[in-house]
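J.: Just need the structure, nothing else, for what follows:
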Amino acid sequence: MHLPRLVPAVLLITLTTGCGGQSAPAASTPAEAVARHAEDSAGVKVTKIVRLDYGEAMPTPPADGDDIVPVDIGEYNESRTTGVLRLGTTASDLTTTYYRTNIPEDLKSVIPDDLSSMTTRAISIGDSGTYEQRADRRDVPAGKTWLHHGNPGCGMAERLAGSLDMRTILSPQVLRKLAAPAPSSGEVIDAVDTVVHAGSASQAEFAVQAPGDDPVMAAQLRERVRQTEVSWRLWAGPDGLPRRVRLVTTGPEAVEGVPRTTVTEIDFTDWGSAVSIEPPPTDQVHETGNCLGPEPR
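T.: Numbering: from 1, shown residues only. A predicted model of the protein is given here:
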């Protein structure tokens, strides 16, 4: 059985409420506050920046005739995502661009830094799966512009490994865990006073198992992330809505080609805005057997 390579992650999320004419009902917890927005299938705008830290370089010995020793800087070390997310009947429309900002000075004339060909747009609508469009048209046959995969089992590995993407962060189960530690006085964020909840746990504690999941895969993935630590700080406003979340997830050891730490900063703005997310034209879609994530990576 092939298990996906897991990438450690650090996640910083800022959420700001919209400027509607009516104030939201008071909520005692962040989970309740977000659940109220989900009841109305409320939309929110998303901006996310991901920065990968590969730790100390682990160069590979050069082959005969090589003039340069390859360095471990990854395919990219920064990505930027913008788009919209709809709660309740969950859907999202996200576009991600990729960058190399960690090229050593003496290799900038050798290693390309233009990664525009990797730009990816992903549309995910409820149980309909994910539609993906990549600038370089990778794996897309002539006459088509989108790939589609609708197998709901595609997200099983990430779920069983406790991966924390933006949808998972806003789920009641995760918000309850993040808000469990006793709060202390926070700072003013988005023009409101906040309280902050701080804690840490193994990534395995965020794993969610559902009926029908492969029990062998579940056990293997939990064991793999048991030594991966997640520390967090959750800032919540007077209405209970999260204003900011910071997650720091660090792997237990360095592995070539895998970041030791990923720093992700996400802003959620215009809470409660009307969001329309539609699938691409069917004649432009090619069905693929490969899993597609709702958030481009």
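J.: Going by C-alpha atoms from here, please, whenever you check contacts or count neighbours.
T.: Noted.
J.: Now do the contacts for Tyr131.
T.: By CA atoms under 8 Å, 6 or more residues apart in numbering, the residues touching Tyr131 are Ala122, Ile123, Ser124, Trp146, Leu147, His148, His149, Pro279, Pro280, Val285, Leu292.
J.: Which one of those residues is nearest to Leu241?
T.: For the contacts of Tyr131, the residue nearest Leu241 by CA to CA is Ser124; the value is 24.4 Å.
J.: now, which of the contacts of Tyr131 lie within strands?
T.: Among those, DSSP state E puts Ala122, Ile123, Ser124, Trp146, Leu147, His148, His149, Val285 in strands.
J.: Quick check: the fourth one touching Gln284?
T.: Read that as Trp146. Yes. Trp146 is within contact range of Gln284, at 6.1 Å (criterion: CA atoms under 8 Å).
J.: higher neighbour count, these two?
T.: Trp146 (27 against 13; other CA atoms under 10 Å).
J.: follow-up on the earlier one: among the ones in strands among the contacts of Tyr131, give me the pair with the biggest separation.
T.: Based on CA to CA, the longest span within the ones in strands among the contacts of Tyr131 runs between Ser124 and Val285 and measures 13.6 Å.
J.: what about those two, which has more around it?
T.: More crowded of Ser124 and Val285, by other CA under 10 Å: Ser124, with 26 against 21.
J.: residue boundaries of the strands in the stretch 51-200 of the chain?
T.: Per DSSP state E, counting those that start in this stretch, the stretch 51-200 of the chain carries strands over the ranges 78-86, 91-99, 120-125, 130-134, 146-149, 184-189, 192-202.
J.: show me what contacts Val225?
T.: Val225 neighbours (CA under 8 Å, 6+ apart): Ala161, Ser202, Gln203, Ala204.
J.: Check the gap between it and Thr249 for me.
T.: With the distance defined as CA to CA, to the nearest Å, Val225 ends up 10 Å from Thr249.
J.: what sits in contact with each of the two?
T.: Gln203.
J.: ok, back up a step: let me have the strands of the stretch 51-200 of the chain in a markdown table, adding mean pLDDT and distance to Leu234 as columns.
T.: Converted to a markdown table, the strands of the stretch 51-200 of the chain look like this (pLDDT from 0 to 100; distance: least, CA to CA, whole Å):
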| stretch | mean pLDDT | distance to Leu234 |
| --- | --- | --- |
| strand 78-86 | 93 | 20 |
| strand 91-99 | 95 | 23 |
| strand 120-125 | 94 | 27 |
| strand 130-134 | 94 | 29 |
| strand 146-149 | 94 | 34 |
| strand 184-189 | 89 | 9 |
| strand 192-202 | 92 | 5 |
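J.: For those strands, could you give me a markdown table that also reports distance to Pro242?
T.: Conversion of the strands of the stretch 51-200 of the chain to a markdown table gives the following (distance: least, CA to CA, whole Å):
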| stretch | distance to Pro242 |
| --- | --- |
| strand 78-86 | 16 |
| strand 91-99 | 20 |
| strand 120-125 | 24 |
| strand 130-134 | 27 |
| strand 146-149 | 32 |
| strand 184-189 | 10 |
| strand 192-202 | 9 |
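J.: Nearest to Trp271, out of those?
T.: With CA to CA as the measure, strand 78-86 is the member of those nearest Trp271 (9.8 Å).
J.: So in that sheet, which strands flank the closest one, and in what orientation?
T.: Strand 78-86 pairs in its sheet with strand 43-53 (antiparallel), strand 91-99 (antiparallel), by DSSP bridges.
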